[in-house]
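Trainee: Sequence first, then the predicted structure, then my questions.
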Amino acid sequence: MKTKIAVVGCGPSGLCAIKNCISEGFEVVAFEQTSEIGGEWNSNLEVGPNVHSKIYEGLQINFPKELMEFSDFSYDKNITEVFLTPDKVQNYFLKYTEKFDLRKHIKFNHKIINVRPIDDKWEIIVKDLKNDEYKTITCDKVLICVGISTPWIPKIEGLNDFEGKIIHSRDYRSTKMFENKKVLLIGSGFSAFDIIIAIDKVAEKVTWVRKIKEAHAPFLKIKLSSKSTEKTILIKRFTKSGAEFEDGSFEEFEIIAFATGYDFTFPFLSVDSGISVYDKLVQPLYKQIINANRPSMAIIGLPSFSLRMPMFELQIKFCMQYWSNRKIFPSKEEMLEDIQKDFKLRGVYINRNSHNAHYLGLKNHEFYYQDLAETAGIANIKICLIKMSTHIGKHTFENFHTFRNFKYKILNDFEFSCDCLENQKDENERNQNCVIAKMLKLSI
């Protein structure tokens, strides 16, 4: 009898999971609560708690398209752009779904209500949203591929007293609501940078607070107009009309926009699933993937500031090695010991900075991929992709305005090249970057 695997979510990681489960000869059923695949890349411009899309007007991806594809399916050769718009990324996933005939395994408009262990299997209660019916299925293993879509908003005194508009970047779609408004923007991730550059052009005034608990990129520099100011001091409290800062200053605002990232939430997991979430730490996960308490469950895509699509594929193939019995899991004690070893290596301390437990970044991402590949005995992500992502990451932090001004090309599994695009506006900057680009042709 075939092993039956349930896949929760049909964004990029879920699609890759379905494809690899089929390749292994497993029986697979996937559940997607919306009416289409793609997850956050599905350009649904609605907003709300059940909407996964974070797509906004003018968005371009932060990585070259070569870093946004799976190893067995490439973007159309006719696409000449380097940094794609969301519609082209979504179209890639639609073609991927068609190529590997994945749609027949997906139950759309089905929301997972509860996942709980029963003996050595999993019972899943799911709601058919169209027919308003509940169904129960039993499976052998579960792959959770839901991504992150629950906004994280820092707890600051008085926020509920503010009488203006409060939004999170997940619900940001265009600059229209900010026109001629006094805005407070809080956050320091890539979405914050995109938003501040856009609303700086239309708002009456923007105050940007970057120094918060979740600041992964406080040194990334951008140019703004004189009507925008940047504060590196914390907010002490909010009032009905604005915010008081820790230096004693006070400013009034009409809109507060949080670009403060997301939290991990799995409301459908039963209390006896073996997984807990606290302060953005999902535990206990062996290699940030496998439920150490119940290894027949895996969560895909938690590590942040990583190579997304290639990492999804690597994590899923890691699971396949063990679930196909080609590899045998370590004991629970050995898994827990490995988790603590990883925390120590990356400087993660529970109750101190555990909110960064799944953060990789330029320092740790290459080691993480290598560790997965060596542990499971599978092929690592190609060296050229890892080095390309490191290069684009470093250049992004050096100059957020110009990091998309390079054209990347894969030469072979170990080499890539990057050249300047001719549409750079500043000739001096273009010449300088061309020199840098020629020096950064890598041979590993």
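Mentor: That came through fine.
Trainee: How about the contacts made by the residue nearest the centre of the chain?
Mentor: The centroid of the chain falls nearest to residue 304 when counting by CA atoms, centre = their mean (6.0 Å). Residues near residue 304 by CB atoms under 8 Å, 6 or more residues apart in numbering: 358, 359, 360. (Each C-beta comes from the backbone N, C-alpha and C, glycine too.)
Trainee: now do residue 239
Mentor: Contact analysis of residue 239 by CB under 8 Å, 6+ apart lists 158, 161, 162, 250.
Trainee: got a pLDDT number for the residue nearest to the centre of the chain?
Mentor: Looking at residue 304, its pLDDT is 87.
Trainee: can you check residue 289 too?
Mentor: pLDDT, residue 289: 98.
Trainee: Hmm, residue 319 and it touching each other?
Mentor: Yes: judged on CB atoms under 8 Å, residue 289 makes contact with residue 319 at a distance of 6.7 Å.
Trainee: Between those two, which contacts overlap?
Mentor: 298, 300.
Trainee: quick one on the thing from earlier: so how far is residue 263 from the residue nearest to the centre of the chain?
Mentor: According to CB to CB, to the nearest Å, residue 304 and residue 263 sit 12 Å apart.
Trainee: what's the domain layout of the chain?
Mentor: As assigned by automatic domain parsing, the chain contains the domains 4-150+262-376, 153-258, 383-443.
Trainee: chain center to the longest one, what's the gap?
Mentor: Pointing back at domain 4-150+262-376 there. Domain 4-150+262-376 sits 10 Å away from the centroid of its parent chain (CA atoms, centre = their mean, to the nearest Å).
Trainee: where's the nearest residue to residue 85 once chain neighbours are set aside, which helix or strand?
Mentor: Distances taken as CB to CB, 6 or more residues apart in numbering place residue 60 nearest to residue 85, at 6.0 Å, with adjacent residues excluded. Under DSSP states H and E, no helix or strand contains residue 60.
Trainee: Ramachandran coordinates for residue 60?
Mentor: The phi and psi values for residue 60, taken as degrees, to the nearest 10, are phi -130, psi 150.
Trainee: That one reaches residue 83, doesn't it?
Mentor: Yes: Residue 60 is in contact with residue 83 according to CB under 8 Å; the separation is 4.7 Å.
Trainee: returning to what we had before: out of the domains of the chain, point me to the one whose mean pLDDT is lowest.
Mentor: Across these, domain 383-443 gives the lowest mean pLDDT, at a mean of 69.
Trainee: Point out the ones among the contacts of residue 304 that are inside helices.
Mentor: Among the contacts of residue 304, no member falls in helices (DSSP state H).
Trainee: Turn those residues into a markdown table, columns for distance to residue 70.
Mentor: Listed next are the contacts of residue 304 as a markdown table, based on distance: CB to CB, whole Å:
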| residue | distance to residue 70 |
| --- | --- |
| 358 | 22 |
| 359 | 24 |
| 360 | 19 |
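Trainee: contact partners of stretch 283-291?
Mentor: Outside stretch 283-291, the residues touching it (CB under 8 Å, 6+ apart) are 273-277, 292-293, 295, 297-300, 302-303, 315, 318-319, 322, 329-330, 335-336, 338-339, 342, 357-358, 368, 371-372, 375.
Trainee: Just the ones in helices from the residues you listed, please.
Mentor: The members of the contacts of stretch 283-291 that map onto helices under DSSP H are 315, 318-319, 322, 335-336, 338-339, 342, 368, 371-372, 375.
Trainee: so how far does stretch 320-333 reach from one end to the other?
Mentor: Terminal residues of stretch 320-333 lie 22 Å apart, using CA to CA, to the nearest Å.
Trainee: which residues touch it?
Mentor: 3, 5, 20-21, 23-24, 26, 141, 286, 290, 292-293, 295-296, 335, 338, 376-378.
Trainee: Can you flag the buried ones in the residues you listed?
Mentor: Buried subset of these (neighbour count, 16 or more other CB atoms under 10 Å): 3, 5, 20-21, 24, 26, 141, 286, 290, 292-293, 295-296, 335, 338, 376, 378.
Trainee: what about the helices in this structure?
Mentor: Secondary structure of the chain by DSSP H: the helices cover 12-23, 86-99, 190-199, 308-323, 332-346, 361-376, 383-398, 427-439.
Trainee: of residue 60 and residue 83, who's got more company?
Mentor: residue 83 (18 against 12; other CB atoms under 10 Å).
Trainee: and the gap between the more buried one and residue 407?
Mentor: As judged by CB to CB, residue 83 and residue 407 stand 10 Å apart.
Trainee: What segments of the stretch 101-250 of the chain are strands?
Mentor: 106-108, 110-118, 121-128, 133-139, 141-144, 150-151, 165-168, 182-186, 205-209, 228-231, 235-238, 242-245, 250-252 (DSSP state E, counting those that start in this stretch).
Trainee: For the ones you listed, give me JSON lines that also has distance to residue 40.
Mentor: Output for the strands of the stretch 101-250 of the chain, formatted as JSON lines (distance: least, CB to CB, whole Å):
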{"stretch": "strand 106-108", "distance to residue 40": "17"}
{"stretch": "strand 110-118", "distance to residue 40": "17"}
{"stretch": "strand 121-128", "distance to residue 40": "21"}
{"stretch": "strand 133-139", "distance to residue 40": "25"}
{"stretch": "strand 141-144", "distance to residue 40": "16"}
{"stretch": "strand 150-151", "distance to residue 40": "12"}
{"stretch": "strand 165-168", "distance to residue 40": "14"}
{"stretch": "strand 182-186", "distance to residue 40": "21"}
{"stretch": "strand 205-209", "distance to residue 40": "24"}
{"stretch": "strand 228-231", "distance to residue 40": "28"}
{"stretch": "strand 235-238", "distance to residue 40": "28"}
{"stretch": "strand 242-245", "distance to residue 40": "30"}
{"stretch": "strand 250-252", "distance to residue 40": "33"}
